[in-house]
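A.B. asks: test case, fold it:
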Amino acid sequence: MKRLLLLISIAMLLFSGILQAAPAVSPVEYEKGVVIFVGPFDQSMQKQYQMGKGELVSIQLTSGPEAGNVVDTFNFISERSPFEIRVKAGDKVIVAVTHDFGKTNYHVSDFDRFDYVYLLAGLFVLVLVVFGRFIGAKSVLVIAFSMLLIFKFFIGQVMNNQYSLTLLTLVVAAIIAVITQLVVSGFSKKTLAAVLGTIGGVAVAGLLSMLSIKFMHLTGLDSEEAMLLKAAVLSQIDFQGVLFAGMVFGALGAVMDVTISIASAVYEVKYVQPAIRFKELVQAGMNVGRDIMGTMSNTLILAYAGSSLPLMLLIASQQNVPMLKILNLNMIVTEFARALTGSIGLICAIPLTAIITALLLNRK
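C.D. replies: Next up is the predicted model:
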């Protein structure tokens, strides 16, 4: 069913491209609006619109040249499609506006959700600054830098398809690790150890990701978005490289968290006991790392499991399909590889960071 819907979507995109080439059809405009009334269509109106079951929706536009105007639209309801939009008075919606053949039509395109994203983002920044104070404020800056680097630089380079995605991913990951640790912790031996440990852990995760993609024959086309990109939008992109980048970036945050924790713990032990030997210092870091290891590995596994919950439900519901077939599906193996390579890189970063920190702190 999902593949059928995907093929229909691709066909609609291609068909819409053909329609846009025709001079009589104008592009779709999207404006914001608020639903002020929802009611049934009477039979005469349904005959006029030649539609099935649906409801009359009155919307007050809140953006665009018609802001303030109230428009009416027919909202089709099938009671079977998971993609239909059921609205009620007071809902904020996105309205699709078309001007076809001299007539303006309005349709409910989706809910206007992003205003609430702004609220959540504002709350996130507030609690980060209130409880983290100056460190929290610096954390906001490094988060903004990381997102800017990925969305403005990395995504742009991927779309240009000029450089190796493997090299590009490792460079971006290293830049994020260096800038994040320097801004949050300052320039010190502790920070240097955390950076080197992060690069080492991510390198392990990256190497395992490359081997997994090669030997497991992973295509990178494990989601509807990737399949849609491949079929209709950006077919020239290396989707195996995109999968590799996703694996590395997914592990990067957790590895940075572990390495700075280990480096800070070893640094504090050295500060309290300046005469401690190298071996004992490494052992102290490993003792802290073992406590972190189980919870952080579980954090990664749970994060991937949470994002793959619909997929797990789909597997559980297929009682008549052999497990051998299910477990070897590209999308299933990809999720296993993503979670396990990141966890192994995280675990390897612990002894690496402990050793590097002990070496740096024992140097005169």
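A.B. asks: domain map for the protein?
C.D. replies: Listed by automatic domain parsing, the domain ranges of the chain are 24-112, 161-362.
A.B. asks: which ones are touching residue 73?
C.D. replies: 56-57, 59, 95, 105-108 (Cβ atoms under 8 Å, 6 or more residues apart in numbering). The way it works is simple: take the backbone N, C-alpha and C, and place the C-beta from them, glycine included.
A.B. asks: Throw those residues into a markdown table and include distance to residue 168 and neighbour count, thanks.
C.D. replies: Shown next, in a markdown table, are the contacts of residue 73 (distance: Cβ to Cβ, whole Å; neighbours: other Cβ atoms under 10 Å):
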| residue | distance to residue 168 | neighbour count |
| --- | --- | --- |
| 56 | 52 | 17 |
| 57 | 46 | 26 |
| 59 | 44 | 27 |
| 95 | 39 | 26 |
| 105 | 44 | 14 |
| 106 | 43 | 20 |
| 107 | 40 | 18 |
| 108 | 40 | 22 |
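A.B. asks: which of the domains of the chain has the lowest average pLDDT?
C.D. replies: The minimum mean pLDDT among the domains of the chain belongs to domain 24-112 (a mean of 80).
A.B. asks: could you check how far that one is from the centre of its chain?
C.D. replies: 30 Å (Cα atoms, centre = their mean, to the nearest Å).
A.B. asks: before we move on, the earlier item: deepest of the domains of the chain, which one?
C.D. replies: domain 161-362 (a mean of 18; mean count of other Cβ atoms under 10 Å).
A.B. asks: ends of it, how far apart?
C.D. replies: 45 Å (Cα to Cα, to the nearest Å).
A.B. asks: any residues touching stretch 207-224, and which ones?
C.D. replies: With Cβ under 8 Å, 6+ apart, stretch 207-224 has contacts from 2, 6, 166, 226-227, 230, 238-244, 247-248, 330-331, 333-335, 337, 340-341, 344-345.
A.B. asks: again, only this time at 7 Å
C.D. replies: 2, 6, 166, 226-227, 230, 239-240, 242-244, 247-248, 330-331, 333-334, 337, 341, 344-345 (Cβ atoms under 7 Å, 6 or more residues apart in numbering).
A.B. asks: got the CA positions of it in PDB?
C.D. replies: C-alpha atoms of stretch 207-224 as PDB (Å, rounded to 0.1, in the frame of the first residue of the first chain):
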ATOM      1  CA  LEU A 207      34.500   3.300   9.000                       C
ATOM      2  CA  LEU A 208      31.900   0.700  10.300                       C
ATOM      3  CA  SER A 209      29.200   2.600   8.400                       C
ATOM      4  CA  MET A 210      31.200   2.400   5.100                       C
ATOM      5  CA  LEU A 211      31.800  -1.300   5.600                       C
ATOM      6  CA  SER A 212      28.100  -1.900   6.500                       C
ATOM      7  CA  ILE A 213      26.900   0.000   3.400                       C
ATOM      8  CA  LYS A 214      29.300  -2.000   1.200                       C
ATOM      9  CA  PHE A 215      28.900  -5.500   2.500                       C
ATOM     10  CA  MET A 216      25.200  -5.300   3.500                       C
ATOM     11  CA  HIS A 217      24.400  -3.800   0.000                       C
ATOM     12  CA  LEU A 218      22.600  -0.900   1.600                       C
ATOM     13  CA  THR A 219      21.200   1.500  -1.000                       C
ATOM     14  CA  GLY A 220      20.300   4.500   1.000                       C
ATOM     15  CA  LEU A 221      16.700   4.300  -0.400                       C
ATOM     16  CA  ASP A 222      15.200   3.200   2.900                       C
ATOM     17  CA  SER A 223      12.600   5.900   3.200                       C
ATOM     18  CA  GLU A 224       9.800   7.300   1.000                       C
END
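A.B. asks: ok, residue 142 to residue 359 distance?
C.D. replies: Using Cβ to Cβ, to the nearest Å, one gets 26 Å for the distance from residue 142 to residue 359.
A.B. asks: could you do residue 227 as well?
C.D. replies: 48 Å.
A.B. asks: same thing with residue 308?
C.D. replies: Taking Cβ to Cβ, one finds residue 308 at 39 Å from residue 359.
A.B. asks: likewise residue 285?
C.D. replies: Taken as Cβ to Cβ, the span from residue 285 to residue 359 is 11 Å.
A.B. asks: and for residue 129?
C.D. replies: From residue 129 to residue 359 the distance is 35 Å (Cβ to Cβ).
A.B. asks: same question, residue 140
C.D. replies: Applying Cβ to Cβ to residue 140 and residue 359 gives a distance of 33 Å.
A.B. asks: before we move on, back to that, can I get the domains of the chain in JSON lines with distance to residue 147?
C.D. replies: As requested, the domains of the chain are exported to JSON lines (distance: least, Cβ to Cβ, whole Å):
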{"stretch": "domain 24-112", "distance to residue 147": "22"}
{"stretch": "domain 161-362", "distance to residue 147": "10"}
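A.B. asks: among those domains, which is nearest residue 133?
C.D. replies: domain 161-362 (12.4 Å; Cβ to Cβ).
A.B. asks: from the chain's centroid, how far away is the closest one?
C.D. replies: For domain 161-362 - counting by Cα atoms, centre = their mean - the centre lies 15 Å from the chain centre.
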